[in-house]
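Participant: sequence and predicted structure are below.
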Amino acid sequence: MATTLAAPEGLDLLADDKSLVPSPEVERARARRAEAGEAEAALRRIAGVTRVRVVRGPTRASAVITHDAGPPPATGAQVRRVVSQALGDLTPDAVDVVWSEAPPPPPPTEPARRPSALGGLLALACATLGGWLATRSVDRR
């Protein structure tokens, strides 16, 4: 499974600040994003999970999880426990869980058929034979 990195958004923009002396707000944003990243990494280890995003506020957190077709691969209580432990200062009751089923993969398509070399040779032979026959009948007249 390939993972792509999304452009930073929201508080992540603060965490991308490259100043020499970051402000306290930037430091808090970095710490919160790092904690959320730990929770996301733990949830990605669950078989069947395809994408995870943990969003943390001052008093609550949310985990948005996309999984393969079928029932969710873990219970809400399990996810709340993992997220609350990773974030440290939130109880499991302060964590909301949203499950989303991944769309099914598109059906495999057959590659376009290319004309075979034999078909091309057959067409060339027919054209040559047809031309030869046409000249033979012209020669007899």
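Facilitator: Looks like it came in fine. Computed from a predicted model, the values in this text were never measured in an experiment.

Participant: how close does G88 sit to A31?
Facilitator: 10 Å (CB to CB, to the nearest Å). Every residue, glycine included, has its C-beta placed from N, CA and C.

Participant: so for the two, which sits in the more crowded spot?
Facilitator: A31 (13 against 9; other CB atoms under 10 Å).

Participant: the more buried one in helix, strand or coil?
Facilitator: helix (DSSP: H, G, I helix; E, B strand; the rest coil).

Participant: before we move on, what about T59?
Facilitator: Secondary structure for T59, judged by three-state DSSP, is coil.

Participant: and it, how many neighbours?
Facilitator: T59, neighbours per other CB under 10 Å, totals 8.

Participant: contacts only, for the spatially closest residue to it that is not a sequence neighbour.
Facilitator: Of all residues not flanking T59 in the chain, A94 sits nearest, at 6.4 Å (CB to CB, 6 or more residues apart in numbering). A94 sits next to T59, R60, A61, S84 when contact means CB atoms under 8 Å, 6 or more residues apart in numbering.

Participant: can you pick the most crowded of those?
Facilitator: That'd be A61 among these, by other CB under 10 Å, with 23 neighbours.

Participant: so that one touches R53, yeah?
Facilitator: No. Taking contacts as CB atoms under 8 Å, A61 lies outside contact range of R53: 10.9 Å.

Participant: elements contacting the one helix or strand A36 maps to?
Facilitator: According to DSSP states H and E, A36 maps onto helix 24-44. On a contact count with 3 or more CB pairs under 8 Å, 6 or more residues apart in numbering; DSSP states H and E, helix 24-44 meets helix 11-15, strand 49-56, strand 61-67, helix 76-87.
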